[in-house]
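A.B. asks: Here's my sequence, what's the structure:
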Amino acid sequence: MKRRPYCCLMSGTRGRLLLVKRRKMDKISIPIGPQHPLLKEPLSMMVDISGEKVLGGSLRLGYVHRGIERLAQQRTYVQNIHLIERICGICSHVHTTTYCYAVEALLGIEIPPRAQYIRALMCELERIHSHLLWLGILAKHIGLDTIFMHTWHDREMVLDIMEEVSGGRISHAANQIGGVRFDLDEEKGEMIRKILIKLHSQVEGLLDVIESEPAAIARTKGVAPISPDLIKAYGVVGPIARASGVDVDMRRDASLPPYDQLEVKVITHSDGDAWARTFVRVEETRVSLNLCETIIREMPRGDVVVHAPRRVPEGEVIIRSEAPRGELFYYLRSDGSDKPARLKVRTPTLAALSLLPVQLSEINVADIPVVLAGVDLCIACADR
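C.D. replies: Numbering: from 1, shown residues only. Have a look, this model is predicted:
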């Protein structure tokens, strides 16, 4: 039956009938970005909306492309450590850790066990810092300002540890080819333990809020669910994949030292929605706190660096590690010179961005910030 362009409405106390022309709600496309309040980094989106429903969207990247992979071919292996550290400001240490393990694999050297533990400690502190940063942003988007302030206060404690240990809050310059640049004494180890004890109780409280706060549940439960099949089809990794029931974690699967000697509990959830992604990240924060305590307690004594030859022999290697947002993939090829012949980096954010238009379809307009925050975007990583 063909829909008529007019409808009847009642008007006034005497019930007069009015013939009113229908207004057809067409699809409209709204540009968001590249500069907008949802993200501090530039990302351009075109969102298709009909009424209060989002029909879909498209993305445009490249605003902070720096050509880092090409720049790496023009610098020596040692100079590249400082370049690689600037791929991402949130997970700078895990990038240099993965790169240094790749160079060390080509050189055929093994760093001292104490250096391996210090690298892992910094990686786990970085994961805690990243997850608390993300949780604060999500809380801000859904109107839980108290949680935002608490999580960012806790994050400051983690940054204080990193500053005390390495001298830098964001760029730590901890790694060098052959080991690390600093050692941990007993005094710093005790300071870290005391802060970790405080953080444990804070994270427990955050988990209670997520599981019981009606506003948090209403804004995240059932929002933008992702099936395991979509996760695998798009190559999504990290907490997003684990929140959809895909059991993958490079700390366990790739077994970089010293994770091959540590028991890593992998947190998964089956719902795949925004609430599940929140749950996984908060639980992972608790796991990382436990790992930090284990690393400090079991850290072997000894040197923190070994001599590394300046000239890297010909060859190629692939190293995978677990960044806060997921699997970090480094491919490094050497032609025997003092500069890499090729460096290829795959960060976890790009695959998550590819899935974002699918997540945006058939959601409410008010849920757009929740979906974007749930992805934990890092545009600097994706663009490089």
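
A.B. asks: Wait, a strand at Val345?
C.D. replies: Yes - checked against DSSP: H, G, I helix; E, B strand; the rest coil, Val345 lies within a strand.

A.B. asks: which residues touch it?
C.D. replies: Val345 is in contact with 68-69, 87, 95, 328-331, 384, counting by CB atoms under 8 Å, 6 or more residues apart in numbering. Heads up, the C-betas are built off the backbone N, CA and C, glycines and all.

A.B. asks: ok, of these, which one's closest to Glu110?
C.D. replies: Using CB to CB, Tyr330 is the member of the contacts of Val345 that lies nearest Glu110, at 17.7 Å.

A.B. asks: Could you pick out the longest helix of the chain?
C.D. replies: Under DSSP state H, the helix in the chain containing the largest number of residues is helix 113-141.

A.B. asks: Just among the contacts of Val345, which is most surrounded?
C.D. replies: Of these, Leu328 is surrounded by the most neighbours, 28 neighbours in total, counting by other CB atoms under 10 Å.

A.B. asks: my guess is Ile109 meets Ala308, correct?
C.D. replies: Yes - counting by CB atoms under 8 Å, Ile109 does reach Ala308; the two are 6.0 Å apart.

A.B. asks: Now for these two: what residues contact both?
C.D. replies: Listed as contacting both Ile109 and Ala308 by CB under 8 Å, 6+ apart are Gly178.

A.B. asks: Those two: who's more crowded?
C.D. replies: More crowded of Ile109 and Ala308, by other CB under 10 Å: Ala308, with 18 against 15.

A.B. asks: which non-adjacent residue is nearest that one?
C.D. replies: Gly178 (3.7 Å; CB to CB, 6 or more residues apart in numbering).

A.B. asks: Hmm, that neighbour is touching Ile111, no?
C.D. replies: Yes - assessed by CB under 8 Å, Gly178 is found in contact with Ile111 at 6.1 Å.

A.B. asks: hmm, back to that, what is the subsequent helix or strand relative to the longest helix of the chain?
C.D. replies: The element immediately downstream of helix 113-141 (helix or strand, assigned by DSSP states H and E) is helix 145-166.

A.B. asks: which residues of this protein fall in strands?
C.D. replies: 6-11, 16-21, 28-32, 44-50, 53-60, 175-176, 179-180, 315-323, 326-334, 340-346, 363-364 (DSSP state E).

A.B. asks: so can I have a markdown table of those showing distance to Leu133 and mean pLDDT?
C.D. replies: Shown next, in a markdown table, are these (distance: least, CB to CB, whole Å; pLDDT from 0 to 100):
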| stretch | distance to Leu133 | mean pLDDT |
| --- | --- | --- |
| strand 6-11 | 51 | 47 |
| strand 16-21 | 51 | 45 |
| strand 28-32 | 22 | 80 |
| strand 44-50 | 22 | 82 |
| strand 53-60 | 22 | 82 |
| strand 175-176 | 22 | 90 |
| strand 179-180 | 24 | 90 |
| strand 315-323 | 14 | 93 |
| strand 326-334 | 16 | 92 |
| strand 340-346 | 22 | 93 |
| strand 363-364 | 24 | 82 |
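
A.B. asks: Please name whichever of the ones you listed is nearest to Leu355.
C.D. replies: Nearest to Leu355, of all the strands of the chain, is strand 53-60, at 10.5 Å by CB to CB.

A.B. asks: Tell me, how many residues neighbour the nearest residue to Phe329 once chain neighbours are set aside?
C.D. replies: With sequence-adjacent residues excluded and distances taken as CB to CB, 6+ apart, Phe329 is closest to Arg346, at 3.8 Å. Other residues near Arg346 number 17, with proximity taken as other CB under 10 Å.

A.B. asks: List the contacts of Arg346.
C.D. replies: Contacts for Arg346 were tallied using CB under 8 Å, 6+ apart; they are 327-329.

A.B. asks: Same question for Leu83.
C.D. replies: The contact partners of Leu83, by CB under 8 Å, 6+ apart, come to 68, 71-72, 75.

A.B. asks: how about CSV for the residues you listed, with distance to Trp275 and pLDDT added?
C.D. replies: Below are the contacts of Leu83 laid out as CSV (distance: CB to CB, whole Å; pLDDT from 0 to 100):
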residue, distance to Trp275, pLDDT
Ile68, 35, 90
Leu71, 40, 93
Ala72, 39, 91
Arg75, 44, 92
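
A.B. asks: would JSON lines of those residues with distance to Ser244 be doable?
C.D. replies: Formatted as JSON lines, the contacts of Leu83 follow (distance: CB to CB, whole Å):
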{"residue": "Ile68", "distance to Ser244": "30"}
{"residue": "Leu71", "distance to Ser244": "35"}
{"residue": "Ala72", "distance to Ser244": "33"}
{"residue": "Arg75", "distance to Ser244": "39"}
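
A.B. asks: which among those residues end up buried?
C.D. replies: When the contacts of Leu83 are checked for burial by 16 or more other CB atoms under 10 Å, the buried set is 68, 72, 75.

A.B. asks: picking up where we left off before, which pair of the contacts of Leu83 spans the longest distance?
C.D. replies: Farthest apart among these by CB to CB are Ile68 and Arg75. That separation is 10.3 Å.

A.B. asks: picking up where we left off before, and the buried ones among the contacts of Leu83 as TSV, adding distance to Arg219?
C.D. replies: Shown next, in TSV, are these (distance: CB to CB, whole Å):
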residue	distance to Arg219
Ile68	36
Ala72	41
Arg75	45
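
A.B. asks: for these, which one is nearest Gly205?
C.D. replies: Among the buried ones among the contacts of Leu83, Ile68 lies closest to Gly205 (CB to CB), at 39.1 Å.

A.B. asks: residues contacting that closest one?
C.D. replies: Counted by CB under 8 Å, 6+ apart, Ile68 has contacts 83-84, 86-87, 345, 384.

A.B. asks: re earlier: what do Gly178 and Ile111 both touch?
C.D. replies: In terms of CB under 8 Å, 6+ apart, Gly178 and Ile111 are both contacted by the residues 104, 305-306.
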